[in-house]
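Colleague: quick one: sequence and predicted model below, then my questions.
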Amino acid sequence: MHTLSYYSGRIQSLLLVIGLVVAANCLAQESPVTPVADPEALVIVNKADRIRFPEGGFQVDVVINTTTTDKSIDSRKYRVLSKGNENSVVMVTEPATDRGQVILMKGRDLWVFMPDVSQPIRLSLAQRLTGQVANGDLARANFAGDYIPSIVGSETIGSEQYHVLDLKAVDRGVTYQRVKYWVNKKNGWPLKAEFFSLSNRLLKRCSYESFKEMAGNVRPTRLVMEDALKAGEQSVLEYQGMKLRDLPDKIFTKDYLKKLD
C-alpha cells in the first residue's frame, strides 16, 4: 500500500509539472515579446519624416494622377492641413463632384465626412483613397510612430550610400504591416520604399523625387507609387504650395468638419 501511494504521488506531481509547462508555453504564444526599435534606426527614420513634412502645423495641396493598365488617367486634387504627427484634415478640391468630402485623422483614427451624410463614417488607414494611394499615405506619414525600425544593410545607388531599413508595424491598425526603406546616409533624404501586407506580400513601391525648397527645408515634391501586382498601374503625387500654418486644435474635430470649405 505504501509503495502504491508513493507512485501515485509521483505521478500526480509529474502531471502537475507537465500542466505548468503546457500553460507556460500557451501563455508565451499568446503574449509575444514586442520588438524594440534600434535607436540609430529610429533617429534615421525620424529625420526622414521631418524632411518629408514639417514637424509643426502646415498646409499643402496635393495633385494625384493615377494611370491604369489601359493608359487612362484619373486626376484628383486635395488640400491637406496637418499638425504634428497625430492630426490631419484632407479635403477634396477636385473633381467638383467630390468637393466637400473631408477626411479627419486623429492619431490612427480616421473619419470621412460626406456632404449628403449626417454623421462621419469611420475609415481605416489601409483603405484605398484613390489609385495606389491609401488613406494613410496622404493623411498620416508618421513612419517613426507607426513602425519599429531596424537597419538591415547598406546599399550604393549611383554615387550615394543608403541605409536599408526594415520597418515592422507596431500593430495591425497602421497603413502597411511592413516597409523596406532606403534613406541617404549623407543627408537623410528618403529615396524609395516597398510596402508589404500582413502575409509579407509586396503590395506597392514608392519613390521620392524632385527635391525642392518647401516650408523651410528641402523636401520631395513628387512621389511615384507603383502597384507591385499589376504592371503599369501607378499614382503620381505632386506636392504644391506647402506653407507653415498655426492651426488651432479645434480644426481637428468631427464637429468642425462641416465648417471647412
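Modeller: Sure thing, it's come through.
Colleague: quick one: what helix or strand has residue 242 in it?
Modeller: strand 234-244 (DSSP states H and E).
Colleague: give me the sheet partners of that strand and which way each runs.
Modeller: Strand pairing for strand 234-244, using DSSP bridges, gives strand 58-67 (antiparallel), strand 217-227 (antiparallel).
Colleague: just put those strands in TSV and tack on distance to residue 204, mean neighbour count and mean pLDDT.
Modeller: In short, each C-beta sits where N, CA and C put it, glycine included. Shown next, in TSV, are the strands paired with strand 234-244 (distance: least, Cβ to Cβ, whole Å; neighbours: other Cβ atoms under 10 Å; pLDDT from 0 to 100):
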stretch	distance to residue 204	mean neighbour count	mean pLDDT
strand 58-67	12	18	96
strand 217-227	6	18	97
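Colleague: distance to residue 249 added to those, as a markdown table?
Modeller: Below are the strands paired with strand 234-244 laid out as a markdown table (distance: least, Cβ to Cβ, whole Å):
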| stretch | distance to residue 249 |
| --- | --- |
| strand 58-67 | 15 |
| strand 217-227 | 24 |
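Colleague: quick one, which of the ones you listed gets closest to residue 89.
Modeller: strand 58-67 (9.7 Å; Cβ to Cβ).
Colleague: other residues contacting the strand holding residue 242?
Modeller: 54, 56-67, 130-133, 137-138, 214-216, 219-227 (Cβ atoms under 8 Å, 6 or more residues apart in numbering).
Colleague: pretty sure residue 246 sits in a strand.
Modeller: No: Residue 246 is assigned coil when assessed by DSSP: H, G, I helix; E, B strand; the rest coil, not a strand.
Colleague: list the contacts of stretch 137-144.
Modeller: 42, 45-46, 48-49, 52-53, 62, 78, 80, 85-86, 88, 90, 103, 105, 108, 110, 125, 129, 146, 149, 167, 175, 179, 181, 225, 237.
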